[in-house]
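Student: fold the following.
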Amino acid sequence: MVLNRWLKMSLISALTALISSCSGQKLLNTLTVGNGYTRASNIVYDDATALKTDIYTPKGAANAPVVVFFFGGRWSEGNKDLYEFAGAALAKQGFVAVVPDYRLYPAVKFPAFVEDAAKAVRWARDNANRYGGDANRLFVMGHSAGAHLAALLATDESFLKAVGGSRQWLKGMIGLAGPYDFLPFTDDDIKDMFGPPERYQITQPINHIDGRNPPMLLMHGEDDVSVFPRNTRNLANKIRAAGGPVETVFYPKLSHSWIVATLSTTLQKQSDVMPYTKDFVLRKSGLKPDIEPTATNLSRP
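Tutor: Now for the predicted structure:
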């Protein structure tokens with residue numbers, strides 16, 4: 001038992017050092033146990049761009065909630081294959097997880113990657129029943145830049161309207177360490193990515209709050225030096241002021257990368273990010289939660 005504990009601590013230490021890199025994500029994927037779900041890989045969801053998605057389906061799924069998960073990477077790096085650990089972990093909670101690719105900068109600029117995200121949600125809704133999911137229990141979720149995409153879909157009606165839908169499709173949005181209020185831009189690539197300057201304001205989810213957003217669960221680590229926690233605080237405060245539904249959880253010791261890493265089955269005991277996610281999805285789906293989160297730093301309306 002002592003040896004097993006030592007090995008576990010050594011593994012966690014190694015992952016801590018690696019987790020912000022692709023190597024860390026690949027290691028989490030390697031440690032992901034492939035039972036309890038099936039994976040459909042490289043399914044084209046948009047013919048015009050040939051963008052693809054992976055779908056993780058719990059075995060025996062029927063009318064399960066569907067979570068579309070958008071990866072992070074500063075809108076310029078990353079791919080769905082690096083997030084097998086997240087898709088598998090969501091499937092093991094009983095959810096159909098859809099993990100799509102989207103176009104990245106510099107090949108495209110805003111709003112192209114948000115438009116891709118909207119198309120992925122449309123595909124997920126249209127095809128949910130093929131994979132054991134319920135189109136009426138549809139959620140968007142993301143980490144970092146992916147949380148920005150999910151938040152814009154939840155706050156700016158125009159993106160889902162453009163694909164024939166609306167925010168009413170969404171039962172909820174889950175954001176991990178998202179940049180929701182990050183003006184003024186200081187980096188040249190970000191200025192170019194979201195430019196021209198007269199368009200900067202519309203790139204911010206906080207500027208689209210009208211009190212009619214779907215329920216949102218926003219989680220952030222206080223030890224995040226990449227996307228400051230004020231992004232989550234500011235967005236949540238504005239939603240509450242507008243009378244919209246939002247819940248927040250802040251973790252004193254979680255970093256930007258660690259908050260998403262603890263979704264993985266390997267690291268789930270290092271935080272209660274997954275229990276909060278599961279509780280939220282089940283509640284907003286009209287289903288009875290079977291896991292109570294253990295943290296005491298949840299803020300609900």
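Student: with adjacent residues omitted, what lies nearest to K171?
Tutor: K284 (4.6 Å; CB to CB, 6 or more residues apart in numbering). C-beta here means a position set from N, CA and C on the backbone, and glycine is covered the same way.
Student: check what pLDDT the one you found gets.
Tutor: If you check K284, the pLDDT there is 98.
Student: ok, it - contacts?
Tutor: F139, K171, G172, P215 (CB atoms under 8 Å, 6 or more residues apart in numbering).
Student: ok, how many other residues are close to the last one?
Tutor: Translated: P215. 20 (other CB atoms under 10 Å).
Student: that one against P245, yeah?
Tutor: Yes. Applying CB atoms under 8 Å, one finds P215 in contact with P245, separated by 4.2 Å.
Student: strands along this protein, start to end?
Tutor: 37-46, 51-58, 64-70, 96-100, 133-143, 170-176, 216-221, 246-251, 298-299 (DSSP state E).
Student: for these, which one sits closest to A120?
Tutor: Counting by CB to CB, A120 lies closest to strand 96-100 out of the strands of the chain; the figure is 3.9 Å.
Student: what strands line up against the closest one, and which way round?
Tutor: strand 51-58 (antiparallel), strand 64-70 (parallel) (DSSP bridges).
Student: most tightly packed of these?
Tutor: strand 64-70 (a mean of 29; mean count of other CB atoms under 10 Å).
Student: tell me what angle that one forms with strand 133-143.
Tutor: Calculated by axes from the mean of the first three to the mean of the last three CA atoms, to 10 degrees, strand 64-70 forms an angle of 30 degrees with strand 133-143.
Student: angle of strand 64-70 against strand 170-176?
Tutor: Note on geometry: by the same axes, to 10 degrees, strand 64-70 and strand 170-176 are set 40 degrees apart in direction.
Student: what residues of stretch 134-145 count as buried?
Tutor: Within stretch 134-145, the residues scored as buried using 16 or more other CB atoms under 10 Å are D134, R137, L138, F139, V140, M141, G142, H143, S144, A145.
Student: stretch 37-56 now?
Tutor: Y37, I43, Y45, D46, T49, L51, K52, T53, D54, I55, Y56.
Student: likewise stretch 111-127?
Tutor: 111-125, 127.
Student: just the ones in helices from the residues you listed, please.
Tutor: If you go by DSSP state H, those have 112-125, 127 in helices.
Student: count of residues packed around the residue nearest to D223 when sequence neighbours are not counted?
Tutor: Nearest residue to D223, sequence neighbours excluded (CB to CB, 6+ apart): S255, at 4.8 Å. For S255, the number of neighbouring residues by other CB under 10 Å comes to 18.
Student: is it true that S255 touches G221?
Tutor: Yes. Between S255 and G221 there is a contact under CB under 8 Å: 5.6 Å.
Student: re earlier: can you put the buried residues of stretch 134-145 in JSON lines and add pLDDT?
Tutor: Below are these laid out as JSON lines (pLDDT from 0 to 100):
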{"residue": "D134", "pLDDT": "98"}
{"residue": "R137", "pLDDT": "98"}
{"residue": "L138", "pLDDT": "98"}
{"residue": "F139", "pLDDT": "99"}
{"residue": "V140", "pLDDT": "99"}
{"residue": "M141", "pLDDT": "99"}
{"residue": "G142", "pLDDT": "98"}
{"residue": "H143", "pLDDT": "98"}
{"residue": "S144", "pLDDT": "98"}
{"residue": "A145", "pLDDT": "98"}
